[in-house]
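J.: this one's structure only:
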């Protein structure tokens, strides 16, 4: 029997990408809402409760409302918004973190898809805290470069406007007050005592992301070289379908290298005094829609790579 899927908020960037990834699958039936009724609470409630899986691609308040509309105990809710990423009622949708995390996703009816910046940060920092390589109170700094698609339909339109402001020709740093919406999940999931210093940058290309976390070797709890950290990550993330730890001898790291895929790549650069941890992936793939579909596959007991 086909799996019934409803995408609440399918007209947004993430919703359209999820639909694209699912539309070619013969095991999926997409439940569609009439355009005139897409904000109608009663119709949304009907489709949510009819579905086996509902994806929420909505602003936070609307996502919370959609969760409250679900009365079918068998419906799996996968929320791509920020609303439930630190909620104890939702499972954080990053299966590569541990076998236990993948098992939690498999058993869960409520799954929160990680934020794009947060995905890259957590992939780098979570194992270090878990294995005691850094202390939870380590003063972490993080920079992240993303394509403009991460800003949604409004930002995409701004960048692709022929009459756009010339300021869009250059990279732009934002979240200057250090209150980015991904900070709570970055802190909680990694088990950090304090929020990291986080500086995201949006640039003039469509999609792809590079997240970097610099470390001072002298501040590590365990004395480790670049090579030893590389081997640590390779062992930690061995046998993962979508996350690899690779060697890259190039002098430049292209942020759009994995655009269009659900893969994430971890690199270890720098030297034995100042180490640079790097994660590279697609902000619309492993950072959003791809991660959402991967979580659905796991929760349904399917091959997690289906449609990806």
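T.: Alright, I've got the coordinates. It should be emphasised that the depicted structure is a prediction, and the values quoted were computed from it without experimental measurement.
J.: please identify the helix or strand for residue 71.
T.: Per DSSP states H and E: residue 71 is located in neither a helix nor a strand.
J.: contacting residues for it?
T.: residue 49 (C-beta atoms under 8 Å, 6 or more residues apart in numbering). C-beta: built from backbone N, CA, C; applies to glycine.
J.: sketch out the low-pLDDT regions of this structure for me.
T.: Along the chain, no part satisfies pLDDT under 70.
J.: how does it divide up, domain by domain?
T.: 3-113+288-299, 116-283 (automatic domain parsing).
J.: turn the ones you listed into CSV, columns for distance to residue 306.
T.: As requested, the domains of the chain are exported to CSV (distance: least, C-beta to C-beta, whole Å):
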stretch, distance to residue 306
domain 3-113+288-299, 5
domain 116-283, 11
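J.: out of those domains, which is closest to residue 308?
T.: domain 116-283 (4.4 Å; C-beta to C-beta).
J.: ok now the closest one, how far from the chain's centre?
T.: On the basis of C-alpha atoms, centre = their mean, to the nearest Å, domain 116-283 sits 11 Å off its chain's mean C-alpha point.
J.: what do you get for stretch 73-80?
T.: Taking C-alpha atoms, centre = their mean, one finds stretch 73-80 lying 17 Å from the centre of the chain it belongs to.
J.: what's the neighbour count on residue 63?
T.: 22 (other C-beta atoms under 10 Å).
J.: residue 276 too?
T.: 15.
J.: against which helices or strands is the host helix or strand of it packed?
T.: Using DSSP H and E, residue 276 sits within strand 274-281. Judged by 3 or more C-beta pairs under 8 Å, 6 or more residues apart in numbering; DSSP states H and E, strand 274-281 is in contact with helix 116-130, strand 209-216, helix 226-236, strand 264-270.
J.: for residue 29, find the nearest of the ones you listed.
T.: Minimum separation from residue 29 across these (C-beta to C-beta) falls at helix 116-130, 28.5 Å.
J.: buried residues, the closest one. List them.
T.: Residues of helix 116-130 classed as buried: 116-129 (neighbour count, 16 or more other C-beta atoms under 10 Å).
J.: and for stretch 101-109?
T.: Here stretch 101-109 shows 101-102, 104-106, 108-109 as buried, counting by 16+ other C-beta under 10 Å.
J.: from the residues you listed, which land in helices?
T.: By the criterion of DSSP state H, membership of those in helices covers 101-102, 104-106.
J.: most widely separated two among those?
T.: Of all pairs in these, the most separated under C-beta to C-beta is 101 and 106 at 9.8 Å.
J.: checking my notes, residue 199 in a strand, right?
T.: Yes - according to DSSP: H, G, I helix; E, B strand; the rest coil, residue 199 belongs to a strand.
J.: spit out the contact partners of it.
T.: Here residue 199 is in contact with 141-144, 173, 175 (C-beta under 8 Å, 6+ apart).
J.: and those, which of them are in strands?
T.: Members of these lying in strands (criterion: DSSP state E): 141-144, 173.
J.: rewinding a little: closest one to residue 162 among the helices and strands packed on strand 274-281?
T.: strand 209-216 (25.9 Å).
J.: re the thing from before, among the domains of the chain, which comes closest to residue 305?
T.: Checking the domains of the chain against residue 305 by C-beta to C-beta gives domain 116-283 as the closest, at 5.3 Å.
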